[in-house]
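> quick one: sequence and predicted model below, then my questions.
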Amino acid sequence: MAFYELYRYHNRNFYAEPGFSTFQGYIVLAADGSGINIPTTRETLEEFGTSSRKGTKPQASIGLGCLYDVMSRMILESDRCKCKFDEMRLAEEQIDRVRETIGDSQPFLVVMDRGYPSTTAFIRMMDKGVSFLVRLKSSDYKKEQAALTGSDEWIEILLDKSRIKHYKGTYTDYKSSM
C-alpha cells in the first residue's frame, strides 16, 4: 500500500508541473492487463486463484492492469487482482481515477487492444467524455467491417440511439454487479 501511495503522490506532482509529453495536446494512455505467476501456496491460491487448466497442477497467479502514459513512459495507474479478471472493467476503474492525478484541464486519450471492446463500456466512456481508440477483432462490429476496403483501416463506430437501445438495462454501474 505504501508503494502505491508513493507512486500516486509522485504522479500527481509530475502532472502538476508543465512540460510533460503529449501528442497533439493529449496525454496518451495505453490500457493493458496481464498475469504473472507467483509462488504457489495455500494462501496465494486462496487470495489470487490459479491460472492452470482444470485437472492440472495449480499455479498461483496475480492479474495486473495498468494505464501507461506512452509519451512520458510511466505508469499512471496500476492494480493487482485475482488472476482471472475483467480487463475492461479494471481499465474503467483506472480511467475514473485519472483526473485525480492529472487534473481536470488536461485532455487524455485511452488506447486499448483487441481484448477490450465492450459496447457498454464505450457508452459509459462517451457519457463521461473520455476519448478512446480501440483495435477491433475481426468478429466485432460487422456492419462497419462490411464497408472496409482493406484489412487494416480506421473506422468510426456510431453508437446512435438505435444501437444503444439494445443495451437498455445493461447500462448500469458495473461495480454493483461485481
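That came in fine, so what should we check first?

> so how far is L45 from the residue lying farthest from the centre of the chain?
Farthest-out residue of the chain from its mean C-alpha position, per CA atoms, centre = their mean: G55, at 31.2 Å. In this view, G55 and L45 are 16 Å apart by CB to CB, to the nearest Å. To be clear about C-beta, it is placed using only N, CA and C from the backbone, and glycine gets the same treatment.

> can I assume T41 is in contact with A60?
Yes. At 6.9 Å, T41 and A60 qualify as touching, with contact defined as CB atoms under 8 Å.

> more neighbours, those two?
Taking neighbours as other CB atoms under 10 Å, T41 and A60 compare with A60 leading, 22 against 10.

> give me the neighbour count for the closest residue to that one other than its chain neighbours.
Nearest non-adjacent residue to A60, counting by CB to CB, 6 or more residues apart in numbering: T44, 3.8 Å away. When counting by other CB under 10 Å, one arrives at 19 neighbours for T44.

> equivalent analysis for the one 4 residues further on, please.
Under the neighbour criterion other CB under 10 Å, F48 is assigned a count of 21.

> separation between A31 and S139?
Distance of A31 to S139, computed by CB to CB: 20 Å.

> of these two, who's got more company?
Higher neighbour count among A31 and S139: A31, with 24 against 9, using other CB under 10 Å.

> secondary structure class of that one, three-state.
Following DSSP: H, G, I helix; E, B strand; the rest coil, we place A31 in the strand state.

> one more: C81?
Under the three-state scheme (three-state DSSP), C81 adopts strand.

> I figured it hits G65, correct?
Yes. Under the criterion of CB under 8 Å, C81 makes contact with G65 at 7.1 Å.

> now do the shared contacts for these two.
Listed as contacting both C81 and G65 by CB atoms under 8 Å, 6 or more residues apart in numbering are L90.

> neighbour count: those two, which is higher?
More crowded of C81 and G65, by other CB under 10 Å: G65, with 22 against 18.

> with that, I have no additional questions.
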